[in-house]
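S.K.: give the three-dimensional model of this entry:
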Amino acid sequence: MSGTTESNKHLHKSLKFILIIAQVFGFFPVKGILCDYVFSLRYFSISARELLSLFVCVIGWLDCLANVRILINSGFNAHYLNGAVFSFSNATYFFLFLRLAREWPKFMKHLVRLENQLFARYNWPHNFDFNVKLFATIFLCWELVEHVAVQGNKIIVAINCKGSFELVIQHYLKTMGFRQEFELIHYSHLRGVILQAVNTCFACCWTYVDLFILLVSYYFTARFKQIRKHVLSLKNDKIISEKEWRDVREDHNQLCNICALFNKKLSSFILLSVFTNIYYMVFHIFRIVNVKHTTLEFVYFILSFGLLISRTIGMCWVGGLLFEETRAFLPALASTPTKMCNIEIDRFIEEVRCRSIGFTGKKFFTINKLLILKVKPFIIFFVKK
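M.R.: Reported below is the predicted structural model:
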């Protein structure tokens, strides 16, 4: 295949569904995502999509500062601390997605050249596209239900507290929603609606980040698994051809390089996601143990905490599968019979031994199945405090 020919299946085409959702909510501003071909992807430094993402970033960081101002002036308040963490983390996610969008067309063009080789040799991972849509539908619909529940509870409270429609809207947007901002600027319905729209974008982004990490991890896990199975097939069939082993070694090496490149760009997402998820786990457990709730508030807790735990475990589990899959090559290669060994197998073993592949949080930790258990004592300590 030529360098500009694409196979019928590739990562961008499989992720197109969730990339469209990202742009609906104002982040990941890449032009051409509706096309199936990565060579149609473009990024423009000055565009409406980029300006929208920057606008949401600025609003989020200003909202964080408004919450911090109240914390400084009035002392600790869990509501405003949550607001500061929520706004800061999601505004930062928007900024990180903006940076990733600038590199995305180049990443995908680089990846599709490798996928042309992989598709010809291993085909496409079984049920990958279906599972991508399944994961995305479950987590994003769950987030939608959770967001509607919390906003619905606020609207019900606002209706019970105020009489006229205009006063209900003002109470919902100003008093219950964005009091910290409207202590600094004059209230208007338009400003309140804009802040509520930004809040909705942040709610989607909060879940989307974990979903995105999970799906990219799933892709690399599936690809490494295909290559490992091919290694086992070569070994079981007693193939001694150096060319066959060179091809599979080069496939593995190139996939490792692409995975390392993705890790470099996603590690900031991972680090921020893990720490904010831990914070909200602590907060949710503390609230349910120490604060009385109405029935509707308890339902919201179940939805919110269940979503938080599910997506965190999902991200750690699939990231852990990638971690384990890349380490399964060494035992498979090391057990190759001596009479089959050649220079390509020796090189393959040395490359696998010297490389550590997996998604990390800025190299502070590697995503694996035990990560959530490692932070369990940390969570229990703060809940008891």
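
S.K.: state the pLDDT value of the spatially most central residue of the chain.
M.R.: Per Cα atoms, centre = their mean, the C-alpha nearest to the average position across the chain is that of Val209, at 2.6 Å. At Val209, the pLDDT value in this model is 94.

S.K.: could you say which helix or strand contains it?
M.R.: Element membership of Val209, judged by DSSP states H and E, is helix 189-236.

S.K.: next helix or strand past that helix?
M.R.: Sequence-wise, the next helix or strand downstream of helix 189-236 (DSSP H and E) is helix 242-290.

S.K.: now that next one against helix 189-236, angle please.
M.R.: Relative orientation of helix 242-290 versus helix 189-236 (axes from the mean of the first three to the mean of the last three Cα atoms, to 10 degrees): 140 degrees.

S.K.: now helix 242-290: average pLDDT?
M.R.: Computed over helix 242-290, the average pLDDT equals 88.

S.K.: which other helices and strands contact it?
M.R.: When contacts are defined as 3 or more Cβ pairs under 8 Å, 6 or more residues apart in numbering; DSSP states H and E, helix 242-290 sits against helix 78-122, helix 189-236, helix 295-327, helix 343-354, helix 376-384. For the C-beta atoms, the positions are set from N, CA and C on the backbone; glycine is no exception.

S.K.: now do the fourth one: everything it contacts.
M.R.: To tie it back to what came earlier, the one meant is helix 343-354. Under the criterion Cβ atoms under 8 Å, 6 or more residues apart in numbering, residues 242, 245-246, 248-249, 252-253, 256, 329-330, 333-334, 336 lie in contact with helix 343-354.

S.K.: buried residues in the helix or strand just after that helix?
M.R.: For helix 343-354, the succeeding helix or strand toward the C-terminus, using DSSP H and E, is helix 371-374. By neighbour count on 16 or more other Cβ atoms under 10 Å, the buried set for helix 371-374 is Leu371, Ile372.

S.K.: one more: stretch 235-251?
M.R.: Lys235, Trp245, Arg246, Asp247, Val248, Arg249, Asp251.

S.K.: of all the residues you listed, which comes closest to Phe224?
M.R.: Asp251 (10.0 Å; Cβ to Cβ).

S.K.: separation between that closest one and Tyr218?
M.R.: The gap separating Asp251 from Tyr218 is 19 Å, by Cβ to Cβ, to the nearest Å.

S.K.: got it, and Tyr172?
M.R.: Taking Cβ to Cβ, one finds Tyr172 at 39 Å from Tyr218.

S.K.: could you do Thr338 as well?
M.R.: Following Cβ to Cβ, the distance that separates Thr338 from Tyr218 is 36 Å.

S.K.: repeat for Thr207
M.R.: For Thr207, the distance to Tyr218 equals 16 Å [Cβ to Cβ].

S.K.: so what's Met315 up against?
M.R.: Taking Cβ under 8 Å, 6+ apart, one finds Asp210, Ile213, Leu214, Ser217, Ser273, Ile367 in contact with Met315.

S.K.: most widely separated two among those?
M.R.: Among these, Ser217 and Ser273 lie farthest apart (Cβ to Cβ), at 12.4 Å.

S.K.: where does Gly177 sit: helix, strand or coil?
M.R.: coil (DSSP: H, G, I helix; E, B strand; the rest coil).

S.K.: what does it show for phi and psi?
M.R.: Backbone torsions for Gly177, taken as degrees, to the nearest 10, come to phi -100, psi -60.

S.K.: and for Ala328?
M.R.: Dihedral angles (degrees, to the nearest 10) for Ala328: phi -80, psi -10.

S.K.: so it makes contact with Lys229?
M.R.: No - taking contacts as Cβ atoms under 8 Å, Ala328 lies outside contact range of Lys229: 10.2 Å.

S.K.: so which of these two has more stuff around it?
M.R.: A count of neighbours by other Cβ atoms under 10 Å puts Ala328 above the other of Ala328 and Lys229, at 15 against 12.

S.K.: the more buried one and Leu71: what is the separation?
M.R.: As judged by Cβ to Cβ, Ala328 and Leu71 stand 48 Å apart.

S.K.: same question for Gly361.
M.R.: 26 Å.

S.K.: who has more neighbours, the two?
M.R.: Set Gly361 next to Leu71 and count neighbours by other Cβ under 10 Å: Gly361 wins out with 20 against 16.

S.K.: ok, that one to Phe269 distance?
M.R.: Gly361 is 9 Å from Phe269, by Cβ to Cβ.

S.K.: now swap in Ile288 and tell me
M.R.: If you go by Cβ to Cβ, the gap between Ile288 and Phe269 works out to 28 Å.

S.K.: then Val150?
M.R.: For Val150, the distance to Phe269 - Cβ to Cβ - is 24 Å.

S.K.: what about Ile288 and Phe269, which has more around it?
M.R.: More neighbours surround Phe269 than the other of Ile288 and Phe269, with 21 against 15 (other Cβ under 10 Å).

S.K.: that one: what's it in contact with?
M.R.: By Cβ under 8 Å, 6+ apart, the residues touching Phe269 are Tyr93, Leu96, Val209, Phe212, Ile213.

S.K.: and the residue nearest to Lys225 when sequence neighbours are not counted, what pLDDT?
M.R.: Of all residues not flanking Lys225 in the chain, Glu325 sits nearest, at 5.5 Å (Cβ to Cβ, 6 or more residues apart in numbering). Glu325 is assigned a predicted lDDT (pLDDT) of 90.

S.K.: what is the burial count for Glu325?
M.R.: Neighbour number of Glu325 under other Cβ under 10 Å is 19.

S.K.: tell me how far it lies from Ile155.
M.R.: For Glu325 relative to Ile155 (Cβ to Cβ), the value is 47 Å.

S.K.: again with Lys264
M.R.: 43 Å.

S.K.: what residue of this protein is the furthest out?
M.R.: Lys339 (45.5 Å).
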